[in-house]
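**Q** Just need the structure, nothing else, for what follows:
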Amino acid sequence: MRYSDASSTTAHTAVSEPQPSRPAKHGGRGNDHRGLLDRVLEFLHPGPDSTSELMETLAEAEERELIAPESRQMLEGVLRMAELSAGDVMVAAPRMDLLDIHASVDELLGAVIDTGHSRFPVYDGQRDNIIGILLAKDLLKLQRAPELNLRALLRPAVFVPESKGLNELLRDFRSNRNHLAIVIDEFGNTAGLITIEDVLEEIVGEIEDEFDVGHSDAGIYTLADGSFRVAGDATIGAVNEAFGLNLPDQDFDTIGGMVAHEHGRVPRRGESVDLAGLRFAVMINRGGAVRWFKVIRAPATEADDSSG
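**A** Next up, the predicted model:
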């Protein structure tokens, strides 16, 4: 009996009372007509209903000079980032630079200098046992006060699942003032780490659309200044074809692997390696490997000039 009364009351209210939302929002009958016109226009010219269509809309807006190319690039980066999770862009666990809690101060300083990071996960015993985060600058305190316990300098480690979206992760980084998080898999094991820089690079570093598309499928793009942007995982064959080279592809699958071999290690951002008459300058590193090179023709050396 109680349920039927409630249903009757609800039905009566729906019939007898006018819908208050639109009059309250627009405040007049004339505005109702304007709302109807907006709906008709939306029907005739519907907006994008997918990310790809929104990308096309942004490209059209840039062509019509409604937005600047830089604005379009960043907007597209934000859209791409919204579809990614921490597991997509993390540095995998085998490539993580970790510090041992039992290492000496000299060993810790050597690791900091060699890698150039500002934050390090610290483990005790096994690499999977992360007990905290050490800031490189905090090592200076140990030099001035050797009696300090290294454990007292550790910051709490933040753990996030692989499935955590980058949008949400960036919001957490900003609100919690953390710049690094440990990524764990579904079993609670360490899968990798991710930094706020990794997340932001998905906005400002993953821009491909201002380049020519002649070699886009191969990860090779022509820049406006005549140089090239080459993906670290571009195949040797693709690089040979794009630049008219004859690099051997028996020992290396990617140009990033070949450049790292020539350099003796994976080059860091800002470093460059000359190979086969080309200069490969690192633009972006990701996960212990080079994500993007900027490639130009290597300038003639003084030795070449003198020999010629």
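**Q** give me every residue that touches residue 234.
**A** Neighbouring residues of residue 234 by CB atoms under 8 Å, 6 or more residues apart in numbering: 218-220, 254-256. Every residue, glycine included, has its C-beta placed from N, CA and C.
**Q** Quick one: these as a markdown table, columns for neighbour count, secondary structure and distance to residue 143 too.
**A** Formatted as a markdown table, the contacts of residue 234 follow (neighbours: other CB atoms under 10 Å; DSSP: H, G, I helix; E, B strand; the rest coil; distance: CB to CB, whole Å):
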| residue | neighbour count | secondary structure | distance to residue 143 |
| --- | --- | --- | --- |
| 218 | 16 | helix | 49 |
| 219 | 22 | coil | 44 |
| 220 | 24 | strand | 46 |
| 254 | 20 | strand | 41 |
| 255 | 29 | helix | 41 |
| 256 | 23 | helix | 37 |
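**Q** Closest to residue 79 out of those?
**A** Taking CB to CB as the measure, residue 79 lies nearest residue 219 of the contacts of residue 234, at 20.4 Å.
**Q** does the closest residue to the closest one other than its chain neighbours have beta-bridge partners, and which?
**A** Distance criterion CB to CB, 6 or more residues apart in numbering; nearest residue to residue 219, sequence neighbours excluded, is residue 231 at 3.0 Å. Legend: beta-bridge partners of residue 231 under DSSP bridges are residue 292.
**Q** so residue 231 touches residue 292, yeah?
**A** Yes. Here residue 231 reaches residue 292: they are 6.2 Å apart, a contact under CB atoms under 8 Å.
**Q** which one of these two has more residues nearby?
**A** The residue with more neighbours, out of residue 231 and residue 292, is residue 292; 25 against 22, by other CB atoms under 10 Å.
**Q** That one contacts residue 281, correct?
**A** No. Residue 292 is beyond contact range of residue 281, at 9.7 Å (criterion: CB under 8 Å).
**Q** In three-state terms, label residue 268 for me.
**A** Recorded secondary structure, residue 268: coil (DSSP: H, G, I helix; E, B strand; the rest coil).
**Q** That one: neighbour count?
**A** Using other CB under 10 Å, residue 268 has 12 other residues around it.
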